[in-house]
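# Below is the structure, and that's it, no one-letter string:
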């Protein structure tokens, strides 16, 4: 993948990346180790990075000046 940025002479910096996220919801289950079965259930959510159609991380690339 190639990213291009137009800079003025003397500008310095780095390429920053801010990923886009998927938010997923579900149930978090706690099971006992001694045959106790299901002990408790809680609602939970988490995040995963969105991917492009070709499997690369999707997000915003920006040149950060310093």
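Cool, the structure landed. Since we're looking at a predicted model, the values are computed, not measured.
# Going by C-alpha atoms from here, please, whenever you check contacts or count neighbours.
Noted.
# Near residue 59, how many other residues are there?
Neighbouring residues of residue 59 were enumerated by other Cα atoms under 10 Å; the total is 15.
# Nearest residue to the middle of the protein?
Residue closest to the average C-alpha location in the chain (Cα atoms, centre = their mean): residue 49, at 2.9 Å.
# for it, which residues make a bridge with it?
residue 21 (DSSP bridges).
# In which helix or strand does residue 45 reside?
Secondary-structure assignment from DSSP states H and E places residue 45 in strand 38-49.
# Kindly report the same for residue 9.
Using DSSP H and E, residue 9 sits in no helix or strand.
# Could you report the neighbour count for it?
If you count neighbours by other Cα under 10 Å, residue 9 ends up with 6.
# next one: the one 3 residues further on
Other residues near residue 12 come to 11 when the count uses other Cα under 10 Å.
# ok, it touching residue 66?
Yes. Counting by Cα atoms under 8 Å, residue 12 does reach residue 66; the two are 5.9 Å apart.
# tell me the contacts of the residue nearest to residue 43 when sequence neighbours are not counted?
Nearest non-adjacent residue to residue 43, counting by Cα to Cα, 6 or more residues apart in numbering: residue 27, 4.6 Å away. By Cα atoms under 8 Å, 6 or more residues apart in numbering, residue 27 lies in contact with 41, 42, 43, 44.
# which of those lies closest to residue 7?
Comparing those against residue 7 with Cα to Cα picks out residue 44 as the nearest, at 44.2 Å.
# For beta bridges, what are the partners of that closest one?
Under DSSP bridges, the beta-bridge partners of residue 44 are residue 26.
# so it makes contact with residue 26?
Yes. Applying Cα under 8 Å as the test, residue 44 and residue 26 come out as touching, 5.4 Å apart.
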